[in-house]
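the sequence and its predicted three-dimensional model are supplied below.
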Amino acid sequence: MLRPEVPFRPVSFYGHAILFLCFLNMFMMVGIGNSTIFFSTGPVDAFGWSRGVATILVLINGVLHTAAPLMGWCYDRFGPRIVMSLGAIAIGIGLVLSGQSTSLSQFLFYGFPTSLGLVCIGAVTTTALLSHWFRERIATAIGIATMGLHLGILFAVPVVENLISALEWRTTYTLIGVVTLVLLVPLNVLLPKRRPQDVGQLPDGRPIEIAEPMARVDDDFQSKSEDPNVWTLKEAVISIPFWVITTGLCASAAGLSLMQVHGAGGVAATHYLRLISLTRCVGSGLWGVASDRLGRNRAYALGTLVTLGGIGLILASPSNPSTWWLDAFALLYGLGTSANTPTYGAMIADIFGGKNIGVILGFLQIPSLIGAAFGPVLGGVVYDTTDSNAGVLVAVVLLFSVAYLCIQCTMQYRQRQGH
């Protein structure tokens, strides 16, 4: 008697290991990047730099982050294991050598591999890798990975800063470099698998029908002739969604940087910045789930409303606002703005997911960098013109509104295209 065919669901979905790796990479990336490379007082004092010379490090980091398209191309060409493991090795070796440097030129030279390594394990490779393992829950996965970034700001950065104070910067750099080589490198060598099919699974851990041969399992690495929905970089760059998303990413990054530098005024104290980071950590996961369940546009609409509510509190605040007033602003603003990364990341994966997702994501990193640099400049111009902090906040409202409209326009385009 033949047994009925039943779906086979893997006992353990390997995508959870991928998600853990991405979470850890983001945690380490922001912890290392924000505390050991830039504005560390130890190297500044040891080499007799001025604070103006020290800002060269920030400029170098910004320039190297424009290598995101190259890293995305390497991801598509060579796979996550090579790119991410080499990135972790570069970070570890760069930090160890930085701790042994005896001159400014040596310190800057050793900072190059460290900064490039951070790009290798950053947002581009994280989102590209998750996009192959999660389809129906891609926003949730990106949101959880992003929680690692915010936890890194909350915990890793203070820990590293305290280590620098206790052990001095050379020992701290060397110690973190060794920890990276011992912990992060093996995980990035052993864990990455480009796609679920490599381990006989399907995205999201969906069950596989026993009767269905593996040859029929959807494969997002097919050639263009086999799958007309696989985007090339050229096709993406000349498409409407690419430029609408570019506009939205630029606007949201400009709004965030403008608010951080100009908009909150006296609110930008350590307590409120940490409260915003804590709220963003929780919000990243919540908005990821909401984006998958409610839809990208509905979730982002709610996030934008919450963000504008927080900005409204600042606009309506008295000259000497109470602590609870400022806490309410930080909670609303942090929660609302945390919708950006999981929603936009999922939207990009929805549209451009496939064998060229890495390089496309890399190019879509550039507008965020431009927006982050442009925001404070715009805020300064608006403040000088209006001589009012309210004018700056209105500019922030407009920027976040543009980011929301870009999500809406992209969703409308997808619906008209039948996706």
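Done, it's in. Numbering: from 1, shown residues only.

check which helices and strands the helix ranked longest in the chain sits against.
Ranked by number of residues, the top helix in the chain under DSSP state H is helix 357-386. Helix 357-386 makes packing contacts with helix 51-65, helix 68-78, helix 123-133, helix 233-237, helix 240-258, helix 340-352, helix 389-416 when contacts are defined by 3 or more C-beta pairs under 8 Å, 6 or more residues apart in numbering; DSSP states H and E. For glycine as for every other residue, the C-beta is placed from the backbone atoms N, C-alpha and C.

mind listing what's buried in the second one?
What it means is helix 68-78. Neighbour-count burial for helix 68-78 flags 68, 69, 71, 72, 73, 74, 75, 76 (criterion: 16 or more other C-beta atoms under 10 Å).

show me the contacts for the first one.
If I follow you right, that is residue 68. The contact partners of residue 68, taken as C-beta atoms under 8 Å, 6 or more residues apart in numbering, are 119, 122, 123, 124, 361, 362, 363, 365, 366.

now with 6 Å, please.
With contact set as C-beta atoms under 6 Å, 6 or more residues apart in numbering, residue 68 has these partners: 124, 362, 365.

now it: how far from residue 256?
Relative to residue 256, residue 68 is positioned 18 Å away (C-beta to C-beta, to the nearest Å).

cool, and the third one?
Here residue 71 is placed at a distance of 23 Å from residue 256 (C-beta to C-beta).

again with the second one
For residue 69, the distance to residue 256 equals 22 Å [C-beta to C-beta].

tell me which residues in the strand or helix carrying residue 26 are buried?
Counting by DSSP states H and E, the element that carries residue 26 is helix 15-32. Residues 15, 17-19, 21-32 are the ones in helix 15-32 that count as buried (16+ other C-beta under 10 Å).

so, low pLDDT: which residues of this protein?
In the predicted model, the chain carries pLDDT under 70 at residues 1-11, 35-62, 208-229, 263-271, 418-419.

domain-wise, how is it divided?
The chain breaks down by automatic domain parsing into domains covering 15-196, 233-416.

so which of those domains comes closest to residue 203?
With C-beta to C-beta as the measure, domain 15-196 is the member of the domains of the chain nearest residue 203 (4.4 Å).

ok, back up a step: including distance to residue 307, could the buried residues of helix 68-78 go into CSV?
Output for the buried residues of helix 68-78, formatted as CSV (distance: C-beta to C-beta, whole Å):
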residue, distance to residue 307
68, 26
69, 29
71, 30
72, 29
73, 34
74, 35
75, 31
76, 34
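
now do residue 254 against residue 322, distance only.
For residue 254 relative to residue 322 (C-beta to C-beta), the value is 30 Å.

tell me where the stretch 201-350 of the chain has strands.
208-209 (DSSP state E, counting those that start in this stretch).

now the stretch 51-200 of the chain
Under DSSP E, counting those that start in this stretch, the stretch 51-200 of the chain gives no strands.

contacting residues for the residue nearest the centre of the chain?
Closest residue to the average C-alpha location of the chain: residue 123 at 4.2 Å, with C-alpha atoms, centre = their mean. The contact partners of residue 123, by C-beta under 6 Å, 6+ apart, come to none.

what's the spacing between it and residue 29?
Relative to residue 29, and taking C-beta to C-beta, residue 123 is found at 9 Å.

residue contacts, the residue lying closest to residue 357 once chain neighbours are set aside?
The shortest distance from residue 357 to any non-neighbouring residue, by C-beta to C-beta, 6 or more residues apart in numbering, is to residue 128 (4.9 Å). Residue 128 sits next to 75, 357, 358, 361 when contact means C-beta under 6 Å, 6+ apart.

7 Å instead?
Shown in contact with residue 128 (C-beta atoms under 7 Å, 6 or more residues apart in numbering): 72, 75, 357, 358, 361.

same thing with residue 152?
The contact partners of residue 152, taken as C-beta under 7 Å, 6+ apart, are 26, 27, 28, 30, 31.

from those residues, which is closest to residue 329?
residue 30 (23.4 Å).

which residue sits closest to that closest one, ignoring its sequence neighbours?
residue 152 (3.7 Å).

again, but for residue 134
Excluding the flanking residues, the one nearest residue 134 by C-beta to C-beta, 6+ apart is residue 141, at 4.2 Å.

I'd guessed the one you found sits against residue 132; true?
No. Counting by C-beta atoms under 7 Å, residue 132 is not a contact partner of residue 141; they are 10.6 Å apart.

the closest residue to residue 303 other than its chain neighbours - how many residues pack around it?
Excluding its sequence neighbours, the residue lying closest to residue 303 (C-beta to C-beta, 6+ apart) is residue 339, at 2.8 Å. Number of residues near residue 339 (other C-beta atoms under 10 Å) recorded here: 32.

residue 339 contacts residue 299, correct?
Yes. Using C-beta under 7 Å, residue 339 is in contact with residue 299, at 6.3 Å.

intersection of neighbour lists for these two?
With C-beta under 7 Å, 6+ apart, residue 339 and residue 299 have common neighbours residue 287.

residue ranges for the helices of the stretch 101-250 of the chain, please.
Using DSSP state H, counting those that start in this stretch, the helices of the stretch 101-250 of the chain run over residues 104-120, 123-133, 138-151, 157-167, 169-179, 185-190, 233-237, 240-258.

centre of the chain to the third one, how far?
Relative to the mean C-alpha coordinate of its chain, helix 138-151 is positioned 8 Å out (C-alpha atoms, centre = their mean, to the nearest Å).

that one packs against which elements?
With contacts defined as 3 or more C-beta pairs under 7 Å, 6 or more residues apart in numbering; DSSP states H and E, helix 138-151 has these neighbours: helix 15-32, helix 123-133, helix 270-294, helix 340-352.

make a markdown table out of these and add distance to residue 147.
Output for those, formatted as a markdown table (distance: least, C-beta to C-beta, whole Å):
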| stretch | distance to residue 147 |
| --- | --- |
| helix 15-32 | 7 |
| helix 123-133 | 12 |
| helix 270-294 | 5 |
| helix 340-352 | 10 |
